[in-house]
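**Student:** would you be able to build a 3D model of this:
(one chain, ligands or ions: 2)
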Amino acid sequence: MEKRIYIFDTTLRDGEQSPGVNLNVREKVEIASQLAKLKVDVIEAGFPISSQGDFEAVKAVAEEVKGPVIAALARANKKDIDRAWEALKHAEKPRIHTFIATSDIHLKYKLNKTREEVLRLAEEAVRYAASFGAEVEFSAEDAFRTDLDYLCEVIEAAIEAGAGIINVPDTVGYSTPMEFGEFIASIKQKVKGIDKVILSVHCHNDLGLATANSLAAVEAGAQQVECTINGIGERAGNTSLEEVVMALTTRKDYFGCTTGIKLNEIYRTSRLVSALTGMPVQPNKAIVGRNAFAHESGIHQHGVLQERTTYEIMNPETIGIKTDGIVLGKHSGRHAFKKRLEELGFELTEEEINKAFYRFKELADRKKKVTDEDIEAIINHEVRAIPEKYKLEKIQVYTGSNIVPTAAVGIRVDGEVIEDAACGDGPVDAVFKAIEKVTGFHVELAHYSLNAVTGGKDAVGEVTVKVEYNGKLYMGRGISTDILEASARAYISAINRLMHEAGDEILKNGV
Ligand code: KIV
Ligand code: ZN
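**Tutor:** Numbering: from 1, shown residues only. Ligands and ions are numbered 1, 2, ... in the order given. The predicted structure is shown next:
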C-alpha cells in the first residue's frame with residue numbers, strides 16, 4: 001500500500017524569516033487560503049509571541065482558513081505557549097508547535113543550560129501545551145547536531161508528555177542525504193513509542209541538500225515533511241514544497257508514497273508567494289522556475305515535438321501551467337475578462353474586478369496579447385494592493401546619454417492631482433525624487449529589482465522595491481510595459497504600504 005506523506009507548510013513562519021520579507025495580516029491570510037486550496041495538511045501560520053503582527057496573523061488564519069491543521073510556533077515556556085494558544089484557539093484543527101534546542105553547541109552558547117534542564121523544559125512544555133487539548137508537535141532544534149542518545153531521550157520524554165508529532169530538524173543544513181536517512185532510521189529504531197506518533201523532518205538548504213535530505217528521511221520512515229513554497233526561508237531557505245511533492249509524485253514507482261497535494265495549484269501558489277514576498281523565483285528553479293519546462297536546444301525541441309516524454313519527465317499542466325495559449329487583447333470585453341479570472345481561480349469582489357479590468361484595458365492598449373501571467377501580475381501586484389493614499393496619474397521622463405535625467409509626475413492625493421519634477425543620477429532616481437517631492441517622503445531605497453513577466457518586446461516589466469523606515473522594510477510592486485512607469489508604481493505602492501502600516505508612527509515622528 002502507498003504510504004501517505006503529510007505536507008507541513010511553513011512558508012508563513014520559517015519562510016517569512018527570509019531576509020527582507022515582511023507580510024501583513026491580509027497577505028498572510030491570502031497565502032494561507034491558497035495553501036488550503038493546494039491542500040497542504042498543515043499550515044504553520046507564525047510565531048505569535050514574536051510580535052503583535054504575527055499574533056494577529058495567526059489569529060486571522062486560525063479563524064478564517066478551514067481545511068488544514070493550523071499550527072503556531074512557541075518556545076518551550078508557558079508564556080510562548082499561552083500566546084500561541086490564544087492565537088490558535090478558534091482554529092478548526094489547532095496544533096501547538098513547541099521547540100527547544102538540544103545540541104551541545106546550542107545548550108552552551110544560546111541557552112546556557114544543562115542537558116537535564118533542557119530535557120525537563122521540553123517535557124514540561126509539551127505537557128503544558130497538551131493541557132489545552134490541541135495537537136502538540138515537538139521539535140528538537142538543531143537535532144542533527146545533537147548527541148543521538150540524548151536526542152532519543154528527549155524525544156521519548158516528549159512523546160510520554162503528550163506530543164503527537166515529533167519533528168527532527170537539520171536547523172543549519174549540515175547533513176547529507178545518506179547520513180540524514182540513517183539518522184532518522186536510528187531514531188525510529190531507538191525511541192520507545194515512536195511508532196505511535198508522526199515522525200517529521202525539517203531541513204534547511206545551506207548546502208543545497210534540503211530536498212534530498214527530506215526525501216532520504218522519507219525513505220527511512222519519516223511521515224511528515226516540513227517545507228516552504230519556492231523553498232524560501234532563513235539564509236539559503238527550507239526544503240521546497242514543490243520539489244518534494246513532485247519528486248514523490250513523479251517517482252512514485254521508487255518512493256511508493258502519496259501526498260494530498262492538489263498538484264495543479266502548485267504553480268499559482270508559487271507565483272502568489274513570489275509576488276507577495278517580493279522574492280523572485282530563480283529562472284532555473286526546479287518545477288516552478290520560468291525555464292523549468294523551456295527547451296532551448298533544437299534537438300530537445302524536436303524531440304519534445306515528436307514525443308513530449310523524450311525530454312520532459314513532468315507535464316507542465318500537471319502543476320497548473322497553462323499551455324492552451326488563450327490570450328486576451330484590447331477587444332476583449334468585461335465578460336471575457338471576468339470568465340478568464342474565474343478560470344484562473346481568482347475569487348474577486350465586483351470592485352476588484354472593475355479595478356482589474358481598468359488596468360487590463362490600459363495594458364491591452366499598449367500590448368497586443370495579454371497573457372495569463374500578465375493578468376496574474378495585475379491581480380497580485382495592483383488589485384489586491386493595500387489602500388492607495390497616493391495614486392500615479394501621469395509620468396514623463398527625459399533621459400539620454402548627454403542630458404541630466406529629469407522626471408515629472410502627477411500623483412492623485414485625496415482627490416487632487418499634485419504635480420512636481422526632479423532631476424536624478426539616472427531616470428529611475430529622477431522618478432523617485434519627483435515622487436518624494438509630491439509625497440514629502442524621504443525614505444532609504446533598500447532594494448530594487450526588475451523582472452519581465454512574459455517574454456517579447458512588449459513584455460510587462462515587474463518592479464519590486466523595498467524602502468526602509470525606522471529599521472523596517474516596506475515592499476512595493478508595480479507593473480507596466482514601461483519600466484519607468486513600473487518603477488514609479490512600485491515606489492508609490494511602497495509609500496502607500498508604509499503609510500498604511502506605520503501611519504501613526506509617521507504622524508508622531510515625521511518622515
Ligand atoms: O530550523 C529549525 O530548527 C526550526 C524549528 C523551530 C522547527 O525552524
Ligand atoms: Zn527552520
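**Student:** switch to C-alpha atoms for all contacts and neighbour counts from now on
**Tutor:** Fine.
**Student:** correct me, but residue 144 touches residue 176?
**Tutor:** No - in this structure, residue 144 is not within contact of residue 176 by C-alpha atoms under 8 Å, at 10.4 Å.
**Student:** who's more crowded, these two?
**Tutor:** Between residue 144 and residue 176, counting by other C-alpha atoms under 10 Å, residue 144 is the more crowded of the two (24 against 16).
**Student:** quick check: the more buried one vs residue 187, distance?
**Tutor:** Counting by C-alpha to C-alpha, to the nearest Å, the gap from residue 144 to residue 187 is 11 Å.
**Student:** which residues does the residue of the stretch 1-150 of the chain found nearest ligand 1 form a beta bridge with?
**Tutor:** Closest contact between the stretch 1-150 of the chain and ligand 1, by C-alpha to the nearest ligand atom, is at residue 141 (4.2 Å). Taking DSSP bridges as the rule, residue 141 bridges to residue 101.
**Student:** burial of it, as a residue count?
**Tutor:** 22.
**Student:** would you agree it is in contact with residue 168?
**Tutor:** Yes - contact status for residue 141 versus residue 168: in contact at 7.5 Å, counting by C-alpha under 8 Å.
**Student:** before we move on, back to that, for the residue of the stretch 1-150 of the chain closest to ligand 1, what are its contacts?
**Tutor:** 99, 100, 101, 102, 103, 168, 169, 170, 171 (C-alpha atoms under 8 Å, 6 or more residues apart in numbering).
**Student:** how about those residues in a markdown table, adding neighbour count and distance to ligand 1?
**Tutor:** Compiled in a markdown table, the contacts of residue 141 are given as follows (neighbours: other C-alpha atoms under 10 Å; distance: C-alpha to the nearest ligand atom, whole Å):
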| residue | neighbour count | distance to ligand 1 |
| --- | --- | --- |
| 99 | 21 | 6 |
| 100 | 23 | 8 |
| 101 | 23 | 8 |
| 102 | 27 | 10 |
| 103 | 20 | 11 |
| 168 | 27 | 8 |
| 169 | 22 | 5 |
| 170 | 27 | 6 |
| 171 | 21 | 4 |
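**Student:** looking at the residues you listed, which one is closest to residue 343?
**Tutor:** Checking the contacts of residue 141 against residue 343 with C-alpha to C-alpha, the nearest one is residue 169 at 39.1 Å.
**Student:** secondary structure class of the closest one, three-state.
**Tutor:** Assigned with DSSP: H, G, I helix; E, B strand; the rest coil, residue 169 falls in the strand class.
**Student:** let me know whether it touches residue 210 as I believe.
**Tutor:** No - using C-alpha under 8 Å, residue 169 is not in contact with residue 210, being 10.5 Å away.
**Student:** who touches both of those two?
**Tutor:** Contacts common to residue 169 and residue 210, judged by C-alpha under 8 Å, 6+ apart, are residue 203.
**Student:** just the element for the residue lying closest to residue 506 once chain neighbours are set aside, please.
**Tutor:** Leaving aside its chain neighbours, residue 506 sits nearest to residue 499 (7.5 Å; criterion: C-alpha to C-alpha, 6 or more residues apart in numbering). Residue 499 belongs to helix 483-509 when assigned by DSSP states H and E.
**Student:** buried sites along that helix?
**Tutor:** Under the neighbour-count criterion of 16 or more other C-alpha atoms under 10 Å, helix 483-509 has 483-499 buried.
**Student:** show me what residue 201 is bridged to.
**Tutor:** residue 168, residue 225.
**Student:** helix, strand, or coil at residue 402?
**Tutor:** Going by three-state DSSP: residue 402 is coil.
**Student:** measure it to ligand 1 for me?
**Tutor:** According to C-alpha to the nearest ligand atom, to the nearest Å, residue 402 and ligand 1 sit 52 Å apart.
**Student:** just residue 152 next, same as before
**Tutor:** Separation of residue 152 from ligand 1 (C-alpha to the nearest ligand atom): 16 Å.
**Student:** swap in residue 446?
**Tutor:** 26 Å.
**Student:** was I right about that residue contacting residue 467?
**Tutor:** Yes - the pair residue 446 / residue 467 is scored as a contact, 5.3 Å apart, by C-alpha under 8 Å.
**Student:** overlap in contacts, these two.
**Tutor:** Common neighbours of residue 446 and residue 467 (criterion: C-alpha under 8 Å, 6+ apart): residue 473.
**Student:** the more surrounded of the two?
**Tutor:** For residue 446 versus residue 467, neighbours defined as other C-alpha under 10 Å are more numerous around residue 467 (22 against 14).
**Student:** got phi/psi on that one?
**Tutor:** With angles defined as degrees, to the nearest 10, residue 467 shows backbone torsions of phi -110, psi 150.
**Student:** follow-up on the earlier one: what separates the residue of the stretch 1-150 of the chain closest to ligand 1 from residue 501, distance-wise?
**Tutor:** Distance from residue 141 to residue 501, by C-alpha to C-alpha: 33 Å.
**Student:** show me where the stretch 201-350 of the chain has strands.
**Tutor:** 224-227, 257-258 (DSSP state E, counting those that start in this stretch).
**Student:** the shortest one pairs with which strands?
**Tutor:** When pairs are called by DSSP bridges, strand 257-258 turns out to pair with strand 3-4 (parallel).
**Student:** any idea how far the following helix or strand past the strand it pairs with is from the middle of the chain?
**Tutor:** Using DSSP H and E, the helix or strand that follows strand 3-4 in sequence is strand 6-9. Between the centre of strand 6-9 and the centre of its chain there are 14 Å (C-alpha atoms, centre = their mean, to the nearest Å).
**Student:** can you pull out the helices in the stretch 101-250 of the chain?
**Tutor:** 104-106, 115-130, 148-161, 177-190, 210-219, 241-250 (DSSP state H, counting those that start in this stretch).
**Student:** no no, the stretch 301-450 of the chain
**Tutor:** Here the stretch 301-450 of the chain has its helices, by DSSP H, counting those that start in this stretch, at 334-343, 350-366, 372-377, 427-439.
**Student:** to ligand 1, which of these lies closest?
**Tutor:** Ligand 1 lies closest, by C-alpha to the nearest ligand atom, to one member of the helices of the stretch 301-450 of the chain: helix 372-377, at 30.7 Å.
**Student:** okay if I get the helices of the stretch 101-250 of the chain as JSON lines plus mean neighbour count and mean pLDDT?
**Tutor:** Output for these, formatted as JSON lines (neighbours: other C-alpha atoms under 10 Å; pLDDT from 0 to 100):
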{"stretch": "helix 104-106", "mean neighbour count": "16", "mean pLDDT": "97"}
{"stretch": "helix 115-130", "mean neighbour count": "20", "mean pLDDT": "98"}
{"stretch": "helix 148-161", "mean neighbour count": "20", "mean pLDDT": "98"}
{"stretch": "helix 177-190", "mean neighbour count": "18", "mean pLDDT": "98"}
{"stretch": "helix 210-219", "mean neighbour count": "25", "mean pLDDT": "98"}
{"stretch": "helix 241-250", "mean neighbour count": "21", "mean pLDDT": "98"}
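**Student:** for residue 194, what are its contacts?
**Tutor:** 156, 159, 188.
**Student:** which of these sits closest to ligand 1?
**Tutor:** Closest to ligand 1, out of all of those and judged by C-alpha to the nearest ligand atom, is residue 159, at 16.5 Å.
**Student:** the closest residue to the closest one other than its chain neighbours: neighbouring residues, count only.
**Tutor:** Residue nearest to residue 159 in three dimensions, not counting chain neighbours: residue 193, with 7.0 Å by C-alpha to C-alpha, 6+ apart. Counted with other C-alpha under 10 Å, the neighbours of residue 193 add up to 13.
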